[in-house]
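S.K.: fold the following and give me the result.
(one chain, ligands or ions: 2)
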Amino acid sequence: MAQVYERVALIGLGLIASSMFWSIKRGGLAGEVTGYARTEATRETARRIGLCDRVCDTAIEAVEGADLVVLCVPVGAMGAVAEEIAPHLKPGATVTDVGSVKAAVIEAVLPHIPEGVHFVPAHPLAGTEHSGPTSGFAELFDNRWCLLVPVEGTDEGATAALRALWEGMGANVDEMDPAHHDLVLAVTSHTPHLIAYTMVGVADDLRRVTDSEVIKYSAAGFRDFTRIAASDPTMWRDVFLTNKDATLEILGRFTEELFALQRAIRTGDGDLLHDYFTRTRAIRRGIIDAGQDTDAPDFGRGGSRK
Ligand SMILES: NC(=O)C1=CN([C@@H]2O[C@H](COP(=O)(O)OP(=O)(O)OC[C@H]3O[C@@H](n4cnc5c(N)ncnc54)[C@H](O)[C@@H]3O)[C@@H](O)[C@H]2O)C=CC1
Ligand SMILES: O=C(O)C(=O)Cc1ccc(O)cc1
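M.R.: Ligands and ions are numbered 1, 2, ... in the order given. So this is what the prediction gives:
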């Protein structure tokens, strides 16, 4: 695969940055990849496992001369990192991010982007519940979506190059505007995560069900909730604080539906429950038919996820 950028800088060496590094190397998509992590311990780990061609002790050093700078820190930290690196960005460089929320990141980062530097926000719809520099793997983005969220007036060449990078990393790329992105993600990712956190919290509060029973007898549904609820607390705190309006909108609708189902259970309205579950089953089948579920065992598209 062809090289897309001469030099790429990854800021924040966690799951997404480390997966990007291995994927960029797999595809030969960059000449040199530098990396910066906030703590000495993470930088040491990165050096030990060969994560990044050069691990730098400051973000400034990492971005100097870079053609692409990727902000891979929690959403709430994006603005401060952008402010710190801004004076050191190479003219003509592109800054991008991988944050799970887009409007708030654009609001926090864009004011710091100097004249002559491009900003193309992005969001790979791929991840795991694991975090940190050792959690990444080259296949994470294979057959997953990456949404590019270019702001008005974004240089088309800069967007096209970033698209080529993500496609080189195995992703399918689409473009979306920030508000729509945040609403779609509130439905498909953020609110489901909150529900998982809540369900695991409820089980934990239920003193009649001891911890060992919850673990021993957990069937698939609850197991999936515990996997999701093991995700990084800082990252998810920031997601909810920054995608507040869309998440509250979807949570409001969720609560209304939940109450309707609760009433149906109380009143013994089996028809309502059956109709509801029939409708939701059709949605799942629609996802499979559209080829959107790379994890389905019977699907066989080779999507891999650890
Ligand atoms: N984990 C996932 O499944 C996905 C995460 N994302 C987004 O990617 C970004 C990174 O997430 P992960 O790689 O999963 O996180 P991670 O927790 O694995 O890594 C984040 C890195 O940022 C560093 N960091 C934290 N606060 C910082 C600060 N104030 N200044 C500088 N560095 C700081 C941490 O030390 C860590 O090295 C987040 O914005 C997240 O919303 C996007 C798609 C999927
Ligand atoms: O692990 C999971 O189930 C995920 O949902 C991963 C994920 C987390 C956050 C994102 O912004 C995108 C993907």
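S.K.: and the helix or strand encompassing Ala196 with ligand 2, contact?
M.R.: Element membership for Ala196, per DSSP states H and E: helix 191-205. No: Helix 191-205 lies out of reach of ligand 2 by Cβ under 6 Å from any ligand atom, never closer than 6.8 Å. To be clear about C-beta, it is placed using only N, CA and C from the backbone, and glycine gets the same treatment.
S.K.: touching that helix from outside, list them.
M.R.: Under the contact criterion Cβ atoms under 8 Å, 6 or more residues apart in numbering, helix 191-205 has outside partners 209, 211, 214, 222, 224-226, 228-229, 231, 236, 239-240, 247, 250-251, 254.
S.K.: what subset of those is buried?
M.R.: 222, 225-226, 228-229, 231, 236, 239-240, 247, 250-251, 254 (16 or more other Cβ atoms under 10 Å).
S.K.: show the subsequent helix or strand relative to the element among helices and strands of the chain having the smallest mean pLDDT.
M.R.: When the helices and strands of the chain are compared on mean pLDDT, DSSP states H and E, helix 211-216 comes out lowest with a mean of 72. Next in sequence after helix 211-216, counting helices and strands by DSSP H and E, comes helix 220-229.
S.K.: my read: Leu148 touches Asp177, true?
M.R.: No: in this structure Leu148 lies outside contact range of Asp177 using Cβ atoms under 8 Å: 10.7 Å.
S.K.: quick one: which of those two has more around it?
M.R.: The neighbour count for Leu148 versus Asp177, taken as other Cβ atoms under 10 Å, is higher for Leu148 (21 against 13).
S.K.: what pLDDT does that one get?
M.R.: pLDDT for Leu148: 98.
S.K.: what does the one 5 residues further on give?
M.R.: Gly153 is assigned a pLDDT of 89 by the prediction.
S.K.: same deal with Arg305?
M.R.: What the model reports for Arg305 is a pLDDT of 34.
S.K.: Tyr5 versus Lys90, what's the distance?
M.R.: Relative to Tyr5, Lys90 is positioned 11 Å away (Cβ to Cβ, to the nearest Å).
S.K.: residue nearest the centroid of the chain?
M.R.: Centroid check for the chain by Cα atoms, centre = their mean gives Ser100 as the closest residue, at 4.7 Å.
S.K.: for that residue, helix, strand, or coil?
M.R.: Of the three states, Ser100 takes coil under DSSP: H, G, I helix; E, B strand; the rest coil.
S.K.: residue contacts, the nearest residue to it once chain neighbours are set aside?
M.R.: Setting aside the residues directly before and after it, Ser100 is nearest to Val239 in space (Cβ to Cβ, 6 or more residues apart in numbering), at 5.1 Å. Neighbouring residues of Val239 by Cβ under 8 Å, 6+ apart: Val75, Ser100, Val101, His190, His193.
S.K.: ok, which of the residues you listed also contact ligand 1?
M.R.: Applying Cβ under 6 Å from any ligand atom to the contacts of Val239, one finds that Val75, Ser100 fall near ligand 1.
S.K.: where does the stretch 101-250 of the chain get nearest to ligand 2, residue-wise?
M.R.: Closest to ligand 2 within the stretch 101-250 of the chain is Gly127: 3.1 Å, counting by Cβ to the nearest ligand atom.
S.K.: and the nearest residue to Ala260 once chain neighbours are set aside, what does it touch?
M.R.: Leaving aside its sequence neighbours, Ala260 sits nearest to Leu272 (Cβ to Cβ, 6+ apart; 7.6 Å). Going by Cβ under 8 Å, 6+ apart, Leu272 touches Ala260, Leu261, Ala264.
S.K.: neighbour-wise, which one of these leads?
M.R.: The most crowded member of the contacts of Leu272, judged by other Cβ under 10 Å, is Ala264 (17 neighbours).
S.K.: can you list the residues of the chain near ligand 1?
M.R.: Near ligand 1, when you scan the chain using Cβ under 6 Å from any ligand atom, you find 12-17, 37-39, 42, 72-75, 77, 81, 98-100, 124, 127-128, 131-132, 232, 235.
S.K.: now, the residues you listed that are in strands?
M.R.: Pro124 (DSSP state E).
S.K.: check the residue of the stretch 201-306 of the chain at minimum distance from ligand 1 and give its pLDDT.
M.R.: Relative to ligand 1, the nearest point of the stretch 201-306 of the chain is Asp232 (4.5 Å; Cβ to the nearest ligand atom). You'll see Asp232 listed with a pLDDT of 95.
S.K.: count of neighbours near it?
M.R.: When neighbours are counted by other Cβ under 10 Å, Asp232 registers 17.
S.K.: I appreciate the help and will end here.
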